[in-house]
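Q: no sequence for this one, just the structure:
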């Protein structure tokens, strides 16, 4: 299962999708803007829907169930 992780060597340790250098906050922003998982995957080569699911799980754990409406 893919997770959101922190790696001090990548983006100064900001949360990223495991196996990528894609910031979790970037995907959160795209989801909040109404982009579909398919659109997001097309915009980020190498990203899978499993990575998006990991961001959603992380966001719910970190920011709560209303994370999509928080700014």
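A: Great, that's in hand. It should be emphasised that the depicted structure is a prediction, and the values quoted were computed from it without experimental measurement.

Q: so how far is stretch 50-61 from its chain's centroid?
A: Distance of stretch 50-61 from its chain centroid, counting by Cα atoms, centre = their mean, to the nearest Å, is 6 Å.

Q: typo on my end, stretch 28-37
A: 10 Å.

Q: quick check: end-to-end length of it?
A: With Cα to Cα, to the nearest Å applied, stretch 28-37 spans 11 Å between its terminal residues.

Q: contacting residues around residue 59?
A: 24, 28, 67-68 (Cβ atoms under 8 Å, 6 or more residues apart in numbering). C-beta: built from backbone N, CA, C; applies to glycine.

Q: if you set the cut-off to 10 Å instead, what comes out?
A: With contact taken as Cβ atoms under 10 Å, 6 or more residues apart in numbering, residue 59 is in contact with 4, 15, 24-25, 27-28, 31-32, 65, 67-68, 70.

Q: list the buried residues of the longest helix along the chain.
A: In the chain, assigned by DSSP state H, the helix with the most residues is helix 49-63. Along helix 49-63, these residues count as buried under the neighbour rule (16 or more other Cβ atoms under 10 Å): 51-52, 54-56, 58-59.

Q: relative to residue 41, which of the contacts of residue 59 is nearest.
A: residue 27 (10.1 Å; Cβ to Cβ).

Q: secondary structure element for the closest one?
A: helix 24-32 (DSSP states H and E).

Q: and the gap between residue 61 and residue 41?
A: Per Cβ to Cβ, to the nearest Å, residue 61 is found 22 Å from residue 41.

Q: all set, thanks.
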